[in-house]
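Student: coords please:
(one chain, ligands or ions: 1)
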Amino acid sequence: MNARINPGPKRTEQLKEYQIAKYLYYILIRGYYIVLLILPYSVISFIARYILHPFIFKKETRFNKYLRSALLWLGGGLNRAVDYRAHLPIMRILLEYLKHNIEPIKRRSKPLVYLGWCVSPEFLRAFDVHYIIPEAYSVTGSWMGQDVSIHLLETVEAEGGSIESCSASKFGGGAYFTGQMPDPDIIVTSSHPCDSGVSFYPTVENLTGAPMFVLDTPYDTTEGAYRYFEKNLRSMIKFIEKNTGQKMDWNKLKASCEELNRTNFYLQELTAMTRAIPSPVSSQLLTVAWAMKLMGSGSPHLTEMARRMYEASKKRLERGEGWVKDEKIRVIWWDVPIAYISLYPWLEKEFGAMVVGGDLMGRCNTPYVDTSTEESMMLSLAKVHLHASMVRNVRGTYELFMDEFEQIISEYSGDCFIFVGHNGCKHGWGYGRIKKDVCKRMGMPALHMSSDYSDCRNTSEESLKKQITDFFVGNGLA
Ligand code: SF4
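Tutor: This next block holds a predicted model:
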């Protein structure tokens, strides 16, 4: 695993040092946050729907590239006034997370941890540290437009990064090589969700020389597997304590877990609400919630975001109203979403097509954390980690992947399947034949594409949209 690559010159000219975090923190997020504070939600909804729609929907241009992807991530202006209430806590989560990036740049007063995206940040909330999630650049880097995304990916490939790896990790690598992240004091990551992501961290360990801890993920879901992982989590705590010179605050960990339980209640309800016909929830909300959980799990702002999303959706459910006025197609999207450009708002606007049951990231079915004793809390946290997005499906036997797929089919009344075929998800390609057999048995139309979660060079936005359009039209769905 300790394959050392020649890092070459670490800094490149095209992106200034820390440019992404600074741009997002000082301009994009703060600007939007101010808009949310000073304008009524009905005005924001009007502007988004009637002024921004034509500006952002069609394609990326030099006029919209610094706004488009972020605005599509936030729902593409399809939200009603009441749904914008959730955007205020979303901005607070983003600003809090970006402070972990900005403060160590200005003044290094606390240890800085690089945290693998499948390790939940509750533990780090119980220490006095900053944390940066390198893979989060696959979302925030994409928000700066395709030129920046391509630059990050090409930089890491020029340094020897594998073309076949998960592009989320490659964004992390690109962010490192272009100087977007200060060097870490320690690295904490995991051997899940899949092999593709795993190869990234030993490279960062070699380049930075920072001590690294890797959680060792068991293959199955037996009680023994959970106990094994719990021991791993305890070793991780000892590692962080030893390398930061701090003691973990168990009361803070407990408070974060209780907050997480409150958040998950709302997110699970939102996932379940997409069973209704018409669905009152956009799966884009679930994808946004997943990204916010990645950056701010255990934060009260996260609970507030989820509560506001839940309340607006529940009212629609009670009135029998859908997210779109006229729901025409229900899509089972059994894959990760496309992150470089959010396709769900386009599906909703163009076809009245709703993704139901979320996707491999947005669907929330996280176990409850029993905080009654230290033992129960640690065992629950082991289960939480092993049920996290992607992790619960791709770290072991095919049953982990397919049983949930069959459950979604039986519970969410889909009309068709879409598989995006993410380049890095080799397990997904490995299950290809089994998935096709299930689709055939169900007798529902299925679209199998080849694309990439956050690499726009793999399959362009135009091509993805054309394939989906042809699929809907060819199968009489649109
Ligand atoms: S499961 Fe897919 S998206 Fe997730 S880390 Fe692995 S390759 Fe990347």
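Student: The residue positioned nearest the centre of the chain and N458, how far apart?
Tutor: Averaging the C-alpha coordinates of the chain gives a centre point, and the residue nearest to it by CA atoms, centre = their mean is A291 (3.8 Å). Taking CB to CB, to the nearest Å as the measure, A291 falls 21 Å from N458. Every C-beta, even on glycine, is put in place using the N, C-alpha and C of the backbone.
Student: thinking again about what came up before, run through the residues that contact the residue nearest to the centre of the chain.
Tutor: Residues counted as contacts of A291 (CB atoms under 8 Å, 6 or more residues apart in numbering) are W73, A136, V139.
Student: Tell me the residues of the stretch 251-400 of the chain that contact the ligand?
Tutor: Listed as neighbours of the ligand in the stretch 251-400 of the chain under the rule CB under 6 Å from any ligand atom: V336, M390, V394.
Student: wait, doesn't the first one sit right on L360?
Tutor: Yes - V336 is within contact range of L360, at 4.9 Å (criterion: CB atoms under 8 Å).
Student: what sits in contact with each of the two?
Tutor: Common neighbours of V336 and L360 (criterion: CB under 8 Å, 6+ apart): M390.
Student: Just the local confidence number for the nearest residue to P445 once chain neighbours are set aside, please.
Tutor: In space, P445 comes closest to N475 once its chain neighbours are excluded; the distance is 4.1 Å by CB to CB, 6 or more residues apart in numbering. With respect to pLDDT, N475 scores 96.
Student: now swap in the one 3 residues further on and tell me
Tutor: As predicted, A478 sits at a pLDDT of 93.
Student: Let me see the contact set for the closest residue to it other than its chain neighbours.
Tutor: Of all residues not flanking A478 in the chain, F472 sits nearest, at 3.8 Å (CB to CB, 6+ apart). Residues in contact with F472 (CB under 8 Å, 6+ apart) are I329, F351, A353, C416, A478.
Student: Surely the first one touches V355?
Tutor: No - with contact defined as CB under 8 Å, I329 does not count as touching V355 (9.7 Å).
Student: Of these two, which one has the most company?
Tutor: With other CB atoms under 10 Å as the criterion, I329 and V355 differ in neighbour count, and V355 comes out ahead with 28 against 19.
Student: Quick check: residues of the stretch 51-200 of the chain near the ligand?
Tutor: Proximity of the stretch 51-200 of the chain to the ligand is assessed by CB under 6 Å from any ligand atom, with C166, A168, P193, C194, S196, G197 identified as the residues in range.
Student: now do 8 Å
Tutor: For the stretch 51-200 of the chain, the residues in contact with the ligand (CB under 8 Å from any ligand atom) are 117-118, 135, 165-169, 193-197.
Student: Which of the residues you listed fall in helices?
Tutor: Applying DSSP state H to these, the entries found in helices are S167, A168, S169, D195, S196, G197.
Student: which is the next helix or strand following the worst-scoring helix or strand of the chain on mean pLDDT?
Tutor: The helix or strand of the chain with the lowest confidence, counting by mean pLDDT, DSSP states H and E, is helix 195-198 at a mean of 78. Towards the C-terminus, the helix or strand next in line after helix 195-198, according to DSSP states H and E, is helix 200-208.
Student: For that next one, give the mean pLDDT please.
Tutor: Averaging pLDDT along helix 200-208 gives 92.
Student: cool, stretch 20-34 as well?
Tutor: For stretch 20-34, the mean confidence score works out to 92.
Student: Which parts of the protein are strands?
Tutor: Under the criterion DSSP state E, the chain carries strands at the ranges 112-115, 130-132, 186-190, 212-215, 329-333, 353-355, 416-419, 446-448.
Student: mind putting the ones you listed in a markdown table, mean pLDDT included?
Tutor: Shown next, in a markdown table, are those (pLDDT from 0 to 100):
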| stretch | mean pLDDT |
| --- | --- |
| strand 112-115 | 97 |
| strand 130-132 | 97 |
| strand 186-190 | 96 |
| strand 212-215 | 96 |
| strand 329-333 | 97 |
| strand 353-355 | 98 |
| strand 416-419 | 96 |
| strand 446-448 | 94 |
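Student: That'll do, ta.
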